[in-house]
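Student: Could you work out the structure for the sequence below:
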Amino acid sequence: MADLCPPTAPFFGFMGAAVALIFANLGAAYGTAKSGVGVSSMGVMKPDLVMKSIIPVVMAGVLGIYGLIIAVIIGNGVKVPTDGKPVYSSFTGFAHLAAGLACGLSGMAAGIAIGIVGDAGVRASAQQAKLYVGMVLILIFAEALGLYGLIVGLILTSKSYECK
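Tutor: Numbers count the residues shown, from 1 in each chain. Model prediction:
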């Protein structure tokens, strides 16, 4: 029983919350910055297309929300010891760490993809309007990578073992 409920178990849960938020926000920041550069440079030549081309920036920002959702769920799931006895098990801590890593790293990968596609896509669609739909479809599939991480993270946060 003591092996399953060490006093250090909450560390892994808190690390899961931290990495979910940090990596998802890294992806969101990169995606926003990279695609924002493309929107800005395209806007110099065709300012009327700026609002139409802001989609990659919005999609990148959503990735940070995914990380926030998982971080809040994990943070609320870490239990304080009662009567000097740990209640939070290492099983739950590792599940929360895995959830944070799944969501955070998926969000970072999606943010990189959105940034690269968004930058090149808005510049290309400014020159050839027929490329816009293709760009949006690629962005949707890139965003889906972050959504997959969120779904797996939600499933993993539901796995728990409470020390008695």
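
Student: Please count neighbours and contacts with C-alpha atoms only from this point.
Tutor: OK.

Student: Residues touching stretch 127-142, excluding its own?
Tutor: Contacting residues not belonging to stretch 127-142 are listed as 55-56, 59, 110-111, 113-114, 117-118, 121-122, 124-125 [CA atoms under 8 Å, 6 or more residues apart in numbering].

Student: rerun at 6 Å
Tutor: A110, A113, I114, G121, S125 (CA atoms under 6 Å, 6 or more residues apart in numbering).

Student: the helices in the chain, which residues?
Tutor: 9-45, 55-77, 90-127, 132-157 (DSSP state H).

Student: Which one of the contacts of stretch 127-142 is nearest to Y161?
Tutor: Distance ranking of the contacts of stretch 127-142 against Y161, using CA to CA, places A110 first at 31.4 Å.

Student: from what I can see the closest one touches Y148, true?
Tutor: No. In this structure A110 lies outside contact range of Y148 using CA atoms under 6 Å: 10.0 Å.

Student: And these two? Which one has more around it.
Tutor: A110 (29 against 15; other CA atoms under 10 Å).
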